[in-house]
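# sequence plus predicted model, see below.
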Amino acid sequence: MNYAAQTLLERIKRDGKVDGEIIKVDRFLNHMVDPQLIDLLAADIATRFADKAIDKLLTAETSGIMLAQAVAGMLGVPFIYAKKKRPLTMGEHYAAASYSFTKQESTTLYVAKEVLGAQERVLFIDDFFAKGSTLKAIEEIVSQAHAMLVGAAVIINKSTRRDIDAILTLEELQQATR
């Protein structure tokens, strides 16, 4: 286990909670945010994708924004966050539906056509990967833009998919917090 994973695990043990598939990280990741921890996690992810010629990062509003901004800064590329409500100022756009199992609601994600272009190499960033609904919506938006999704990275992967780059998996968390 690398330094970022170990630090995150220690923080979850101290200030969070793992209850089955529910991971409570409100005190440092997704309600109140520890910027030093985000920077550490972002550096780990940025290192994994430094040689992938990423043009833009894409995340969904809201919890992935802090990580996406930090990773984008380290890779020297812009990031986009898909909005959950389409503002009046957004003209032509891409859109795809996503279901949040945590919030038990469906939402539509919107990205303006002017910020995501054809042939751009995109990295998806988020805090958690659970059932894959957000990634599916992002994949649909990237496809609509004729861009290319070159990877997906999250802080915690709660699924059994191993093609998602993650700092920690649910399995690792459950084993370490028993």
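Received, thanks.
# could you find the closest non-adjacent residue to residue 177?
residue 18 (4.7 Å; C-beta to C-beta, 6 or more residues apart in numbering). For every residue, glycine as well, the C-beta is placed using N, CA and C.
# so, low pLDDT: which residues of this structure?
Within the chain, the segments meeting pLDDT under 70 span 102.
# tell me which residue is most central in it.
Ranked by distance to the mean C-alpha position of the chain (C-alpha atoms, centre = their mean), the top residue is residue 126 at 0.8 Å.
# how close does it sit to residue 100?
Look at residue 126 and residue 100: by C-beta to C-beta, to the nearest Å, they are 12 Å apart.
# any shared contact partners between the two?
Common contacts of residue 126 and residue 100, defined by C-beta atoms under 8 Å, 6 or more residues apart in numbering, comprise residue 134.
# which of the three states applies to the residue nearest to residue 177?
Three-state assignment for residue 18 (DSSP: H, G, I helix; E, B strand; the rest coil): strand.
# any idea how far residue 106 is from it?
27 Å.
# higher neighbour count, the two?
Between residue 18 and residue 106, counted using other C-beta atoms under 10 Å, the more crowded position is residue 18 (19 against 10).
# residue ranges of the strands in this protein, please?
If DSSP state E is used as the criterion, the strands of the chain fall at 17-19, 22-24, 56-60, 79-82, 93-100, 105-112, 121-129, 148-157, 165-169.
# if I pick the closest residue to residue 72 other than its chain neighbours, what's in contact with it?
Spatial nearest neighbour of residue 72, excluding adjacent residues (C-beta to C-beta, 6+ apart): residue 79 at 3.8 Å. Counting by C-beta under 8 Å, 6+ apart, residue 79 makes contact with 56-59, 68-69, 71-72, 125.
# can I get these in JSON lines with neighbour count and distance to residue 10?
Below are the contacts of residue 79 laid out as JSON lines (neighbours: other C-beta atoms under 10 Å; distance: C-beta to C-beta, whole Å):
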{"residue": "56", "neighbour count": "20", "distance to residue 10": "32"}
{"residue": "57", "neighbour count": "27", "distance to residue 10": "27"}
{"residue": "58", "neighbour count": "28", "distance to residue 10": "30"}
{"residue": "59", "neighbour count": "27", "distance to residue 10": "25"}
{"residue": "68", "neighbour count": "27", "distance to residue 10": "24"}
{"residue": "69", "neighbour count": "18", "distance to residue 10": "24"}
{"residue": "71", "neighbour count": "29", "distance to residue 10": "22"}
{"residue": "72", "neighbour count": "22", "distance to residue 10": "26"}
{"residue": "125", "neighbour count": "30", "distance to residue 10": "23"}
